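K.L.:
Coordinates only, no sequence provided:
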């Protein structure tokens, strides 16, 4: 039997994803330290940590089961560091981590986007760094409470390191499935293209389900994903499946009429009625926008390879405008399709 308490884990970036992953590991008996904001520290110390899931029973972790720091001192004893900051904060986080890093420590990037590991390896030269991927969304409906409203396996780059094996066993003990893969980059690109929906959900301003229930919303998403796949393909990038299916198949399903889409989609991905994107949460909570690492990644790749990505460009600009005002424009599917159609006609 593996002694999970011997694994010292630091969660650097104790936001929604960080608290959820760290909470699962603490529940499994790992020695967990969070590094995050003072407001999060206060909530967790006052109330403990509550994890909810749309399919599983709630998990309650007492505040004595973990430690919390508001600076990089919290990683100094960690054998394994899970980085869960937003992509735009990766470089700054790496600079803060370096002077506090324990000799021989390992770091796993559980972040959105495809550039983070390369950024980390440029700054952190003294640690093994692996890529990871979180397929499900996590929101915080209340102080010290974190809710996963979608399903999926955690993915981590393949490694024989015993710390990785212990971490994987701990996640499974807490009910969270996790798999290792050789080609993590293809998986990350698959997730990025599926995650383009985060922007539409932010512009919609409601749940994922209410947006995807509208066929014109889905048509806009399909067009945006198809453009991204074309740009990636022309750039020589391999895009792998995300979850149970490949992006190409998702695009076909999105374009089906409502009476066909509903039964097919529910068999592929189960979504809680209250689930929404973290980008929409960031907008409503006055946080920075991660759009540059989603639609922005496609637009930049298109520019670098002498292509065009007008659909991703117009959606990115609409999201940036929403963050500028601090509120979702609450677009309907019809509004979104009109935006996409205008971008297509302008560049036809």
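P.N.:
Great, that's in hand. It should be emphasised that the depicted structure is a prediction, and the values quoted were computed from it without experimental measurement.
K.L.:
Does anything pack onto the helix or strand of the chain with the lowest mean pLDDT? Which helices or strands?
P.N.:
Ranked by mean pLDDT, DSSP states H and E, the weakest helix or strand in the chain is helix 258-268, scoring a mean of 80. Helix 258-268 makes packing contacts with helix 215-234, helix 247-254 when contacts are defined by 3 or more C-beta pairs under 8 Å, 6 or more residues apart in numbering; DSSP states H and E. Every residue, glycine included, has its C-beta placed from N, CA and C.
K.L.:
Mean pLDDT and mean neighbour count for the ones you listed - can I get that in CSV?
P.N.:
What follows is the helices and strands packed on helix 258-268, written out as CSV (pLDDT from 0 to 100; neighbours: other C-beta atoms under 10 Å):
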stretch, mean pLDDT, mean neighbour count
helix 215-234, 97, 21
helix 247-254, 94, 18
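K.L.:
Tabulate the ones you listed (JSON lines), appending distance to residue 22.
P.N.:
Shown next, in JSON lines, are the helices and strands packed on helix 258-268 (distance: least, C-beta to C-beta, whole Å):
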{"stretch": "helix 215-234", "distance to residue 22": "31"}
{"stretch": "helix 247-254", "distance to residue 22": "30"}
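K.L.:
so how far is residue 35 from the closest residue to residue 38 other than its chain neighbours?
P.N.:
Nearest non-adjacent residue to residue 38, counting by C-beta to C-beta, 6 or more residues apart in numbering: residue 70, 5.4 Å away. From residue 70 across to residue 35, the span is 7 Å (C-beta to C-beta, to the nearest Å).
K.L.:
and what of residue 192?
P.N.:
Taken as C-beta to C-beta, the span from residue 192 to residue 35 is 26 Å.
K.L.:
who's in contact with the closest residue to residue 292 other than its chain neighbours?
P.N.:
Spatial nearest neighbour of residue 292, excluding adjacent residues (C-beta to C-beta, 6+ apart): residue 88 at 6.7 Å. Residue 88 makes contact with 288, 290, 292-293, according to C-beta atoms under 8 Å, 6 or more residues apart in numbering.
K.L.:
Which residues are in contact with the residue nearest to residue 38?
P.N.:
Contacts of residue 70 (C-beta under 8 Å, 6+ apart): 35-38, 41.
K.L.:
Run through this structure and note the low-pLDDT ranges.
P.N.:
Applying pLDDT under 70 to the chain picks out residues 1-3, 267-269, 348.
K.L.:
How about the secondary structure of the most centrally placed residue in it?
P.N.:
Nearest to the geometric centre of the chain sits residue 112, at 4.5 Å (C-alpha atoms, centre = their mean). Following DSSP: H, G, I helix; E, B strand; the rest coil, residue 112 is assigned to coil.
K.L.:
Check the spacing between it and residue 195 real quick.
P.N.:
6 Å.
K.L.:
Spell out which residues are contacts of both of those two.
P.N.:
residue 294.
K.L.:
how about the least confident helix or strand of the chain: buried residues?
P.N.:
Within helix 258-268, the residues that qualify as buried are 261, 265, counting by 16 or more other C-beta atoms under 10 Å.
K.L.:
What is the very next helix or strand once past that helix packed up against?
P.N.:
Remark: after helix 258-268, the chain's next helix or strand is helix 278-284, criterion DSSP states H and E. The contact analysis (3+ C-beta pairs under 8 Å, 6+ apart) places helix 278-284 against helix 16-27, strand 138-142, helix 197-204, helix 310-325.
K.L.:
Output those in TSV, with mean neighbour count and distance to residue 214 appended to each entry.
P.N.:
Below are those laid out as TSV (neighbours: other C-beta atoms under 10 Å; distance: least, C-beta to C-beta, whole Å):
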stretch	mean neighbour count	distance to residue 214
helix 16-27	26	26
strand 138-142	17	21
helix 197-204	26	9
helix 310-325	19	16
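K.L.:
Brilliant, that's me finished.
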